[in-house]
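1. got a sequence here, can you build the structure:
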Amino acid sequence: MADFALVIVIVTALAFDFVNGFHDAANSIATIVSTRVLSPGKAVVWAAFFNFIAFAIFGTAVAATIAKGVVDPEVLSIGVVFAGLIGAIAWNILTAVLGLPSSSSHALVGGIVGAAVVKSGWHSVNRSGLQKIAAFIIYSPLVGLALGFLLILAIMWAVHRSRHPRTVNRSFRWMQLASAAAFSLGHGANDAQKTMGIILALLIGAGKVPTTADVPLWVVLSAHTAIALGTMLGGWRIVRTMGNKLTRLNPMSGVAAESSAATVLWFASAKGIPVSTTHTITGAIAGVGSAKRLNAVRWNVAGRVVWAWVLTIPGSALIAAVVYGIVGLLN
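-> Numbering: from 1, shown residues only. Have a look, this model is predicted:
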């Protein structure tokens, strides 16, 4: 019976990964679709491919942080992880319906924290780990914004004397294929590892692998496959918010935004820091837009996005706490 429950929760974790890919597909393809470099159908296939092959380039440092750095690993029972995942999935679906690009990563963290607190109290929360994640809630969009701002200024300075604007535009359309691929690699590396960390914690808790074990290869491949399939189905309402409503993009600004966000994600993945791909690309897009002029960014839309960020951890934590309470009553 315990093994059956373990399999059910692992399948739920992979379902979260699928929804994560579906929800965050907009992050990977919004700029390349809004600049019409690729059609939506081709863009999701492009992003899904690079989501999947990220496992061959990056390690599993983020997975280790999720497995041991959010709450006390001793608290991570099958019931806690199940309730946490349901909280995160429900929050992702709610914000996807509303067209709000909230963070799947922080929904997962909030869900796990909410269920763990109901089970064992606030002392089960790893405060230093949460502080590290909270710090990068602030840092990742700000660094993305600064890099986007500086990179688009450097690009505009480099091409401002060109007498062949069509040639320049055509060049940046090709370059955007590379920048979108780089961002999708970072998205696959950072987000897929969060599901790997959850499954690794479950396997350790169930005694299936030793506490010193690395992430099994089947877990790595399953997580990347789930997020890639989710990306292929994409969330089109969020694409509109990210690609058109926040600011208008062209191939040049798209390259700057994606390259800046990819730089942040690659750094965070290498350092084992779980960051939000949503926060990062939104900051980069706002930085690129504000380099043209401040009113080029629709700050009222950005304000709605910020509110979604603020509410994500408490919202998913509340849902997970309720789910864990119901599971406890049924037992």
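
2. got any ranges where the stretch 1-150 of the chain has weak pLDDT?
-> Along the stretch 1-150 of the chain, segments meeting pLDDT under 70 span 1-2, 23, 25-28, 101.

3. can you get me a residue count around Glu122?
-> Quick fix: residue 122 is Trp, not Glu. Here the number of neighbours of Trp122 (other CB atoms under 10 Å) works out to 9. Where C-beta positions appear, they are placed from N, C-alpha and C, glycine not excepted.

4. helices of this structure, start to end?
-> All helices of the chain, identified by DSSP state H, fall at 2-34, 40-53, 61-68, 78-98, 104-120, 127-159, 165-205, 217-233, 236-240, 251-271, 277-292, 299-330.

5. please compute how far the fourth one lies from its chain's middle.
-> The one in question is helix 78-98. 14 Å (CA atoms, centre = their mean, to the nearest Å).

6. quick one: which of the helices of the chain is nearest Thr211?
-> helix 165-205 (5.4 Å; CB to CB).

7. dump the residue contacts of the nearest residue to Leu203 once chain neighbours are set aside.
-> Using CB to CB, 6 or more residues apart in numbering and skipping the chain neighbours, the partner closest in space to Leu203 is Val209 (4.7 Å). Contacts here follow CB atoms under 8 Å, 6 or more residues apart in numbering; on that basis Val209 touches Leu200, Leu203, Pro216.

8. can you count the residues close to the first one?
-> By that I understand Leu200. 26.

9. before we move on, what about Asn250?
-> 17.

10. and it, what does it touch?
-> So Asn250 contacts Thr35, Asn169, Phe172 (CB under 8 Å, 6+ apart).

11. out of the residues you listed, which are buried?
-> When the contacts of Asn250 are checked for burial by 16 or more other CB atoms under 10 Å, the buried set is Thr35, Phe172.

12. and the residue nearest to Leu203, how far from Leu6?
-> 12 Å (CB to CB, to the nearest Å).

13. likewise Gly144?
-> For Gly144, the distance to Leu6 equals 38 Å [CB to CB].

14. and Ile155, by the same measure?
-> According to CB to CB, Ile155 stands 50 Å off from Leu6.

15. one more: Leu202?
-> For Leu202 relative to Leu6 (CB to CB), the value is 6 Å.

16. hey, what's in contact with both of those two?
-> By CB under 8 Å, 6+ apart, the residues touching both Leu202 and Leu6 are Ile78.

17. neighbour-wise, which of the two wins?
-> Taking neighbours as other CB under 10 Å, Leu202 and Leu6 compare with Leu202 leading, 24 against 18.

18. the more buried one against Ile10, yeah?
-> Yes: counting by CB atoms under 8 Å, Ile10 is a contact partner of Leu202 at 6.5 Å.

19. so how far is stretch 65-80 off the chain centroid?
-> Averaged C-alpha coordinates place stretch 65-80 at 20 Å from its chain's average position (CA atoms, centre = their mean).

20. ugh, wrong one, stretch 62-78
-> Per CA atoms, centre = their mean, the centroid offset for stretch 62-78 relative to its chain is 18 Å.

21. now do the buried residues in that stretch.
-> Buried-residue list, stretch 62-78, by 16+ other CB under 10 Å: 62-71, 73, 75-78.

22. roughly how far does the closest residue to Phe52 other than its chain neighbours sit from Val275?
-> Residue nearest to Phe52 in three dimensions, not counting chain neighbours: Ala228, with 4.1 Å by CB to CB, 6+ apart. Going from Ala228 to Val275 by CB to CB gives 20 Å.

23. Gly207 now?
-> For Gly207, the distance to Val275 - CB to CB - is 32 Å.

24. neighbour count for those two, which is higher?
-> Val275 (28 against 9).

25. give me the phi and psi for that one.
-> phi -120, psi 170 (degrees, to the nearest 10).

26. check whether it really touches Ser140, as I assumed.
-> Yes: counting by CB under 8 Å, Val275 does reach Ser140; the two are 4.4 Å apart.

27. any common contacting residues for those two?
-> In contact with both Val275 and Ser140: Val264, Ala268, using CB under 8 Å, 6+ apart.

28. before we move on, the earlier item: which single one of the contacts of Asn250 is nearest to Ser120?
-> Taking the contacts of Asn250 together and measuring to Ser120 by CB to CB, the closest member is Thr35, at 48.7 Å.

29. in contact with the closest one, which residues?
-> Contacts of Thr35 (CB under 8 Å, 6+ apart): Arg173, Gln176, Leu249, Asn250, Pro251, Gly254.

30. wait, Ile198 touches Ser105, no?
-> No: counting by CB under 8 Å, Ile198 does not reach Ser105; the two are 11.7 Å apart.

31. which of the two has more neighbours?
-> With neighbours defined as other CB under 10 Å, Ile198 and Ser105 compare such that Ile198 has more, 31 against 28.

32. list the contacts for the more buried one?
-> Ala13, Phe16, Ile66, Ala67, Val81, Gly84, Leu85, Leu108, Ile112.
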